[in-house]
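1. For reference, the sequence and a predicted model appear below.
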Amino acid sequence: MADFSRKLVQWQPNHGRHGLPWQGTRDPYRIWLSEIMLQQTQVAAVVPYYGRFLARFPDIAALARGSEDEVLQLWSGLGYYARGRNLLRAARQVAESGAFPDTVAEIQALPGVGPSTAAAIAAFAFGRRAAILDGNVKRVLARQFGVEGEKAQWALAQSLTPARDIETYTQALMDLGATVCTRARPACGKCPVAGDCVARLEGRIDELPAARKRKPLPLKRSTWILLLHQGSVLLERRPGAGIWGGLWVLPEGPSKGVRAFCQQNFSCEIATTRRMTPIEHGFTHFRLNIQPIRCGVRRLLPRAQSPGFIWLDVAEAARAAVPAPVRKLLLGLV
């Protein structure tokens, strides 16, 4: 097993990933930010968001002073928005305590940080000997050693983690899973540990790790009301918990009787309505079919606007803290 770690440490400097914006630093804030953004998100998607986030919040003190609206606006389009809200909560905790925690247990106690993320932060920021086990690493261990199951893989990951060169080893393990031992068509000819790989030797590369049976995702339907009045659009803030929590979205409404609904609920007299092209958006547990209805407002009725709603210029709304489908619709109007 020591041979596995040694080969990865030797392989990484010449064959691993280098030049990523969060590499080459020991700043725990920057490392923590990158690890949170990289949860369930591809590196290529994260890079531009990482740069924009740091430009606005260069350190943890600046983030702690920020607002949820600002954080979610910068996070808009990256998905899994609870990460952004947890990031802000954690920043305020750290700012109050006075220092970023430096042990795996303390880092894991921060909102939104699991055991593998905590281990990666501890390794890269503080040089701690800590085992990681993200999705890519699970695949590497399943193929290399024929070991599956959460408990067994954690034990294996911990036994493999060396006492020295921890940052290089941790990066190598991530790089191997992301660029060589990929889910489909792994590049075994480029793998530094292919000679000892159980899956390769036994002809089981396509079998390991065992594929989980995925049930078809249920389809949900929603009608969105795109209300336009003198270059502005009506947005509604989602509740803090749940899908798109805290973001601004287009209000939902009925598929029929839209004019009466808008007059009763949004104090709008509607001049025109038009069904737009439906949008399908995927979530972890379901698919959402969205039918947008574009409504031209003739005039606003003299009633107080309900709390949680706001009229914004369309271009400004597209830059606000809105989820990707809303932004796509709004950008089509600019």
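-> Thanks, I have the structure now.
2. average pLDDT for the lengthiest strand in the chain?
-> When the chain is scanned for its longest strand (criterion: DSSP state E), the result is strand 287-300. Strand 287-300 comes out with an average pLDDT of 96.
3. just how off-centre is that strand within its chain?
-> Taking C-alpha atoms, centre = their mean, to the nearest Å, the mean C-alpha location of strand 287-300 is offset from the chain mean by 28 Å.
4. Name the next helix or strand following it along the chain.
-> strand 309-313 (DSSP states H and E).
5. which helices and strands sit right next to that next one?
-> Packing partners of strand 309-313 (3 or more C-beta pairs under 8 Å, 6 or more residues apart in numbering; DSSP states H and E): strand 232-237. In short, each C-beta sits where N, CA and C put it, glycine included.
6. Domain map for this structure?
-> Per automatic domain parsing, the structural domains of the chain span 2-201, 219-331.
7. which strands and helices sit next to the longest strand of the chain?
-> Contacts defined by 3+ C-beta pairs under 8 Å, 6+ apart place strand 287-300 against strand 219-229, helix 258-266, strand 268-275, strand 279-282.
8. And the domains of the chain, which one averages the lowest pLDDT?
-> Among the domains of the chain, domain 219-331 scores lowest, at a mean of 93.
9. Determine how far the last residue of that one lies from the first.
-> The straight-line separation of the ends of domain 219-331 (C-alpha to C-alpha, to the nearest Å) is 26 Å.
10. how many other residues sit next to the residue lying closest to residue 22 once chain neighbours are set aside?
-> Nearest residue to residue 22, sequence neighbours excluded (C-beta to C-beta, 6 or more residues apart in numbering): residue 34, at 3.6 Å. By other C-beta atoms under 10 Å, the residues close to residue 34 number 23.
11. how close does residue 34 sit to residue 148?
-> Distance check for residue 34 against residue 148: by C-beta to C-beta, to the nearest Å, it reads 28 Å.
12. Check residue 247 too.
-> With C-beta to C-beta as the criterion, residue 247 and residue 148 are 37 Å apart.
13. ok, these two, which is more surrounded?
-> Applying other C-beta under 10 Å to residue 247 and residue 148 shows that residue 247 carries more neighbours, namely 23 against 13.
14. Just tell me which of the helices and strands packed on strand 287-300 ends up closest to residue 95.
-> strand 279-282 (34.8 Å; C-beta to C-beta).
15. what sits against residue 204?
-> For residue 204, the contact set (C-beta atoms under 8 Å, 6 or more residues apart in numbering) comprises 143, 146, 198.
16. What's the local residue count around residue 131?
-> Each residue near residue 131 was counted by other C-beta under 10 Å, and the total is 23.
17. Just confirm it contacts residue 162, I think it does.
-> No. Residue 131 is beyond contact range of residue 162, at 10.5 Å (criterion: C-beta atoms under 8 Å).
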